[in-house]
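[1] here's my sequence, what's the structure:
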Amino acid sequence: MTGKRVVLSARARRDLREATGWYRQEGREPLALRWVPAVKQALGHIGVHPNAGSPRYAIELQIEGMRCWPVKGFPYLIFYLEREHQIDVGRVLHGLRDVPTRIGETR
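    Now for the predicted structure:
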């Protein structure tokens with residue numbers, strides 16, 4: 001099944017680098033090696049099934065069309081918007097942190 005192209009924002013790429021670095025440092029290489037494929041799987045799923053994500057934070061933050069999808073086996077959520085020809089990923093955040101505050105952070 002072919003899906004839409006998934007495009008990561010600069011902030012989402014930075015989120016992923018930070019999480020990967022943390023997993024390498026704290027969880028050692030085996031955990032980081034599980035993290036990367038889990039993220040790729042989640043991004044692939046979003047590209048094929050964009051409506052499967054939860055609109056929970058879209059309602060809370062009043063960001064029309066925003067959805068989130070979990071990274072299986074990890075406490076991270078991928079936040080994205082479906083566009084006509086692609087999926088725009090805005091953030092990748094730890095789901096147990098203050099998501100409403102962090103979603104709008106630019107640094």
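[2] CA atoms only for the strand or helix carrying residue 90 - export them in CSV, please.
    Assigned by DSSP states H and E, residue 90 belongs to strand 86-94. The C-alpha trace of strand 86-94 is given here as CSV (Å, rounded to 0.1, in the frame of the first residue of the first chain):
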residue,chain,number,x,y,z
GLN,A,86,2.2,14.9,2.2
ILE,A,87,2.2,14.5,6.0
ASP,A,88,4.0,17.2,7.9
VAL,A,89,5.5,16.1,11.2
GLY,A,90,5.9,19.0,13.6
ARG,A,91,7.2,17.4,16.8
VAL,A,92,8.2,14.1,18.3
LEU,A,93,7.6,14.4,22.1
HIS,A,94,7.8,12.3,25.2
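[3] which residues touch the helix or strand just after that strand?
    Using DSSP H and E, the helix or strand that follows strand 86-94 in sequence is helix 99-102. Here helix 99-102 makes contact (Cβ atoms under 8 Å, 6 or more residues apart in numbering) with 57, 60, 61, 77, 91, 93. Bear in mind the C-beta positions are built from the backbone N, C-alpha and C, glycine included.
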